[in-house]
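Novice: Could you work out the structure for the sequence below:
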Amino acid sequence: MAEATWNGQTYRAASSHGATMALARQLVAAGCPDQLWRVPGRLHGRSLHGLAKLTIEEGADGLRFRRYRENTRFLPGGARQDGAEAEGQPKHAETLA
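Specialist: So this is what the prediction gives:
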């Protein structure tokens, strides 16, 4: 669990690995300027915006930092942006712009 308050708003992120990076993405999306960041006694860095571009993936060789890519292929309800049906899901009734 990671938590930060910026501009009077509290932001929280939970993740088994990478909660700090998920929190950074929330802060950047809210308009927080790039700045130094730190997790007391653990991690620190020069760029909050740079941290938001990372995630942690677990593979056969352990945990690794990877570039974050938002999964925009599938939308809520199983719809796909390209209008095709997601496997096992009915086609979304709304027209996607």
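Novice: Could I get the buried residue list for the longest helix along the chain?
Specialist: Identified as the longest helix of the chain according to DSSP state H is helix 19-29. Buried residues in helix 19-29, counted by 16 or more other CB atoms under 10 Å: A19, T20, M21, A22, L23, A24, R25, Q26, L27, V28. Where you see a C-beta, it was placed from the backbone N, CA and C, and this is true even at glycine.
Novice: cool, and stretch 30-46?
Specialist: C32, W37.
Novice: So for it, mean pLDDT?
Specialist: If you average the pLDDT over stretch 30-46, you get 93.
Novice: what's the spacing between it and its chain's center?
Specialist: Stretch 30-46 has its C-alpha centroid displaced from the chain centroid by 15 Å (CA atoms, centre = their mean, to the nearest Å).
Novice: cool, stretch 59-70 as well?
Specialist: On CA atoms, centre = their mean, the centre of stretch 59-70 falls 13 Å from that of its chain.
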